[in-house]
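Undergrad: After the sequence you'll find the predicted model.
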Amino acid sequence: MNPTVIIYRNDKVYLLSIIYVSETTKQASPATYEIQQDGSQYFIATASKRLYIDYDSAKDVLSISSLGDYLHN
C-alpha cells in the first residue's frame, strides 16, 4: 500500500509530506521534506537517499521514485 502524499507551500518553499500508516498498529508516521531542485529535476532528500519527483500534467500523475505513482484527489 502506498503512503499518503501531500504537497503544499509554506511561504516560498514547497513541502512534501509522506504519511505512512502501520497496517498492524494503525499508527500514522508523518515525515515532511522540502522539495528541492537540481537543474530540471525535483527531489526530496531523505536520510538515506534522494527521491526524485516527476509530474505528468496530461495524466495528472505524480511519480516519486521508489514510492510509485499517485493520482490527484
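TA: The structure has been received and is ready for your questions.

Undergrad: just for the chain, where's the confidence low?
TA: 1 (pLDDT under 70).

Undergrad: Going along the chain, name the strands of it.
TA: 4-10, 13-21, 28-34, 36-38, 41-45, 50-56, 61-64, 68-71 (DSSP state E).

Undergrad: Can you lay out those as a markdown table showing mean neighbour count?
TA: In this view, the C-beta of every residue, glycine as well, is placed from N, C-alpha and C. Shown next, in a markdown table, are the strands of the chain (neighbours: other Cβ atoms under 10 Å):
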| stretch | mean neighbour count |
| --- | --- |
| strand 4-10 | 12 |
| strand 13-21 | 15 |
| strand 28-34 | 12 |
| strand 36-38 | 11 |
| strand 41-45 | 16 |
| strand 50-56 | 15 |
| strand 61-64 | 16 |
| strand 68-71 | 12 |
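
Undergrad: I'd say residue 27 and residue 21 touch.
TA: Yes. Judged on Cβ atoms under 8 Å, residue 27 makes contact with residue 21 at a distance of 7.2 Å.
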